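Enquirer: missing the sequence, but the structure's below:
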């Protein structure tokens, strides 16, 4: 199989949902297949039950941000999704010129640089709605759009929490983004713990897999850069030809944005090779649901919820937000130190989701 043919197979499950306003998985599937014809899974079913469900303020080693210019320091994880930026952009365009002139908090200045736009997203993957006010009519408008786009599979949550009355001059913008990119061939869940940052965590990949199966799974890995066991960049090939799932074990730059751009340069500059010579692959399992309240936006109702899963079957992401107010010996690819995960549309300038994993707080512990 040629490298081009391989690169057309891709995998991941991604969904994001954002609002801006102003004023026991395998067992279930088995039962489902027994009781009737096979139906497409809803987004909630694809996400599965999170291993970690928390509010961002309760996390000690993780920062949730609405923009890419967040500094990476202190050994903390940095989580970002484009959906808040999408709603910010639409809100400025449709309703509130005051957002465009905000200089405080500092994150408003970053959002007003519009580093990520609709051009970075697949138009078939998201719904965005705007209205002068919230309430039942707006909810019905969004539900209809979601049903038409996703055939009834969407499972919004923050949509039903938007206050109906946000004060004089209220407005509301809502965005829902979903992507599903499963691996064609599932990787293997490791039976042993992976040591990450001194913590035992669950992992998946090719460790402990028979050589013939490991060789086949490695066809789903393209290595773009390999300097040593602590510096490499790879892509996990999925069933989506329009999305890329990139993992990079690298030294971070000063910010999430600079780290992303450094990795993107390696994707463009290096000659890719098959992962078949890298017969050892281990990636931490991630499965969380985190709620973040942006108290920095004084006078605005600003919240975001992000659910993300990455395991041997693929990955899934749902993010909602609301803003209201006015020939070489075989070696190993082991992600046991800080690394970057980013999901990017093929041909886009910027990703639509990124996670810098600096510690084990967001990883699934091995018990």
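Expert: Okay, I see it. This structure is a prediction, so every number in the text was calculated from the model and none was measured. Residues are numbered from 1 along each chain as shown.
Enquirer: show me where the stretch 1-150 of the chain has strands.
Expert: For the stretch 1-150 of the chain, the strands defined by DSSP state E, counting those that start in this stretch occupy 13-22, 52-55, 62-65, 77-81, 126-131.
Enquirer: Tell me the strands beside the last one, with direction?
Expert: The reference is to strand 126-131. Strand 126-131 has the following strand partners under DSSP bridges: strand 171-180 (antiparallel).
Enquirer: Give the rounded mean pLDDT of the partner strand.
Expert: Average pLDDT, strand 171-180: 87.
Enquirer: burial measure for residue 139, as a count.
Expert: By other Cβ atoms under 10 Å, 19 other residues sit near residue 139. Every C-beta, even on glycine, is put in place using the N, C-alpha and C of the backbone.
Enquirer: That one: what's its closest spatial neighbour, skipping adjacent residues?
Expert: Closest residue to residue 139 apart from its sequence neighbours, by Cβ to Cβ, 6 or more residues apart in numbering: residue 159 at 6.2 Å.
Enquirer: before we move on, what SS does the one you found have?
Expert: At residue 159 the chain is in helix, as set by DSSP: H, G, I helix; E, B strand; the rest coil.
Enquirer: try residue 223
Expert: Three-state call for residue 223 (three-state DSSP): strand.
Enquirer: Excluding covalently adjacent residues, which one is nearest to it?
Expert: Spatial nearest neighbour of residue 223, excluding adjacent residues (Cβ to Cβ, 6+ apart): residue 234 at 4.9 Å.
Enquirer: which residues touch the residue nearest to residue 105 when sequence neighbours are not counted?
Expert: Excluding its sequence neighbours, the residue lying closest to residue 105 (Cβ to Cβ, 6+ apart) is residue 296, at 3.9 Å. For residue 296, the contact set (Cβ atoms under 8 Å, 6 or more residues apart in numbering) comprises 105, 107, 302.
Enquirer: Can you turn the buried part of those residues into a ChimeraX selection?
Expert: ChimeraX command restricting the contacts of residue 296 to the buried ones, with burial defined by 16 or more other Cβ atoms under 10 Å:
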select :107,302
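Enquirer: Tell me which stretches of the stretch 51-200 of the chain form helices.
Expert: Assigned by DSSP state H, counting those that start in this stretch, the stretch 51-200 of the chain shows helices spanning 83-94, 97-101, 106-111, 136-150.
Enquirer: Now tabulate those helices in CSV and tack on mean pLDDT and distance to residue 174.
Expert: Below are the helices of the stretch 51-200 of the chain laid out as CSV (pLDDT from 0 to 100; distance: least, Cβ to Cβ, whole Å):
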stretch, mean pLDDT, distance to residue 174
helix 83-94, 90, 7
helix 97-101, 78, 16
helix 106-111, 93, 17
helix 136-150, 92, 5
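Enquirer: May I have the beta-bridge partners of the residue nearest to residue 223?
Expert: Where residue 234 sits in a bridge, its partners, by DSSP bridges, are residue 223, residue 247.
Enquirer: I figured it was touching residue 224, is that so?
Expert: Yes: in this structure, residue 234 is within contact of residue 224 by Cβ atoms under 8 Å, at 6.6 Å.
Enquirer: More neighbours: which of the two?
Expert: Ranked by neighbour count (other Cβ under 10 Å), residue 234 and residue 224 place residue 234 first, with 25 against 19.
Enquirer: quick one, what contacts that one?
Expert: Contact partners of residue 234, counting by Cβ under 8 Å, 6+ apart, are 221-224, 246-248, 275, 333.
Enquirer: and with 6 Å instead?
Expert: 221, 223, 247 (Cβ atoms under 6 Å, 6 or more residues apart in numbering).
Enquirer: Next: residue 365.
Expert: Applying Cβ under 6 Å, 6+ apart to residue 365 gives the contacts residue 201.
Enquirer: roughly how far apart are it and residue 94?
Expert: Residue 365 sits 44 Å away from residue 94 when distances are taken as Cβ to Cβ, to the nearest Å.
Enquirer: Same check on residue 268?
Expert: 35 Å.
Enquirer: Looking at the two, which is more packed in?
Expert: Taking neighbours as other Cβ under 10 Å, residue 268 and residue 94 compare with residue 94 leading, 14 against 8.
Enquirer: My read is that that one contacts residue 130, right?
Expert: Yes: under the criterion of Cβ atoms under 6 Å, residue 94 makes contact with residue 130 at 4.8 Å.
Enquirer: Any regions of the stretch 1-150 of the chain where pLDDT drops low?
Expert: Within the stretch 1-150 of the chain, the stretches with pLDDT under 70 are 1-38, 96-97.
Enquirer: what about residue 148, how many neighbours?
Expert: Residue 148 has 10 nearby residues by other Cβ under 10 Å.
Enquirer: before we move on, the earlier item: I'd like to know which of the contacts of residue 296 is nearest to residue 340.
Expert: Using Cβ to Cβ, residue 107 is the member of the contacts of residue 296 that lies nearest residue 340, at 20.6 Å.
Enquirer: ok, the closest one - contacts?
Expert: Neighbouring residues of residue 107 by Cβ under 6 Å, 6+ apart: residue 67.
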